[in-house]
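A.B. asks: Provided below for reference: sequence and predicted model.
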Amino acid sequence: MAMQGLRYKVAIVTGAAAGIGRAIAERLAAEQVRLVLADMNAEVNALANELPASAAFVGNLCLEAPVRELIQFTLETFGAIDILINNAGGGVIRPFLEHTPETLRETVDRNLWTTLWCCYAALPHMRRAGYGRIINIGADSVRNGLPEHAAYNAAKGGVHALTTGLAREFATRGITVNTVAPCMVATPMVQKLMAEDSPWIKQFADFIPMGRPGTMEEVASMVAYLASEEAAFVTGQVISVNGGSTML
Ligand SMILES: NC(=O)c1ccc[n+]([C@@H]2O[C@H](COP(=O)([O-])OP(=O)(O)OC[C@H]3O[C@@H](n4cnc5c(N)ncnc54)[C@H](O)[C@@H]3O)[C@@H](O)[C@H]2O)c1
């Protein structure tokens, strides 16, 4: 059964060229959401050609100017921004002292600055419309302190914190702000490492009581719920999709 209040809404999905972002785009397309698929990887154009009522935007979203262009492009293309999915990101996962100044900065840029700029640029339009759904993709590793995740968790912890702060500021404006925090997810990259029996990836899988990584569709399902009108009373939450990795 379709989620209530998703059909014909306009959503921006960042990081839509691959992995979880692509699965979110496919799920929202199935719910007849109109989509702007944004990524720094031009492969996102191919996905926009595949999915109905969708357009692609290529740019580096950790910078203010491309994010402003993305918002303008969305308004010109569909006339509204109802839903913002801040999915762009990805880990530079390694022991803290093995980071370089560049990988530290990249970790924060990819995961936190993309989210900050997109919220900053989209919220004035949502406030004017009196309606909005912001869903960030955080990480369950912030809660369980997964090995080698310190820098990544610093960036994703910022995303989790932004969620509660924005949810409170915009609570009476018809705008909800939530984060979906997955444990390890079987993206093509993770699947490849698992197929190679990588002990490095196995240590992360061992944290999951269900004994398997999540699927991209399981994450997309929670995102679709939070983006719908059925989730009108849910805001300021960091909701794990994690096979029991942390139990709060
Ligand atoms: N895969 C996992 O196990 C896992 C677990 C927890 C959280 N997450 C989070 O889920 C989200 C998606 O992860 P994924 O595994 O599908 O990653 P992925 O690397 O497969 O896809 C991320 C996409 O984001 C895009 N991107 C990154 N930085 C960008 C930028 N500055 N501007 C525009 N686009 C940018 C990339 O080009 C890529 O297409 C990320 O935020 C990640 O941190 C993933």
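C.D. replies: That came through, no problem.

A.B. asks: pull the residues that contact the helix or strand harbouring residue 71.
C.D. replies: For residue 71, the host element (DSSP states H and E) is helix 64-78. Contact with helix 64-78 is made by 10, 12, 34, 36, 38, 55, 57, 59-61, 80-81, 114, 117-118, 120-122, 125, as judged by C-beta atoms under 8 Å, 6 or more residues apart in numbering. C-beta here means a position set from N, CA and C on the backbone, and glycine is covered the same way.

A.B. asks: recalculate using a threshold of 6 Å.
C.D. replies: With C-beta atoms under 6 Å, 6 or more residues apart in numbering as the test, helix 64-78 has contacts from 10, 12, 34, 36, 38, 55, 57, 59-61, 81, 117-118, 121-122.

A.B. asks: check stretch 142-160 too.
C.D. replies: Applying C-beta under 6 Å, 6+ apart, the contact partners of stretch 142-160 are 91, 93-96, 99, 104, 107-108, 111-112, 115, 136, 138-139, 141, 179, 238, 245-246.

A.B. asks: put the buried members of those into a ChimeraX selection.
C.D. replies: The ChimeraX selection below is limited to those of these classed as buried (16 or more other C-beta atoms under 10 Å):
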select :91,93,94,99,107,108,111,112,115,136,138,139,141,179,238,245,246
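
A.B. asks: and the ligand, which of the contacts of stretch 142-160 reach it?
C.D. replies: When contact is defined as C-beta under 6 Å from any ligand atom, the contacts of stretch 142-160 meet the ligand at 91, 111, 139.

A.B. asks: picking up where we left off before, of the contacts of stretch 142-160, which belong to strands?
C.D. replies: Counting by DSSP state E, the contacts of stretch 142-160 place 136, 179, 238 in strands.

A.B. asks: just the residues you listed now: which is nearest the ligand?
C.D. replies: When those are ranked by distance to the ligand (C-beta to the nearest ligand atom), residue 136 comes first, at 8.4 Å.

A.B. asks: thought the closest one was touching residue 88?
C.D. replies: No. Contact between residue 136 and residue 88 fails when scored by C-beta atoms under 6 Å: they sit 10.3 Å apart.

A.B. asks: does residue 133 count as helix, strand or coil?
C.D. replies: strand (DSSP: H, G, I helix; E, B strand; the rest coil).

A.B. asks: isn't it right up against residue 228?
C.D. replies: No. With contacts counted by C-beta under 6 Å, residue 133 stays clear of residue 228, the gap being 7.9 Å.

A.B. asks: of the two, who's got more company?
C.D. replies: Ranked by neighbour count (other C-beta atoms under 10 Å), residue 133 and residue 228 place residue 133 first, with 28 against 20.
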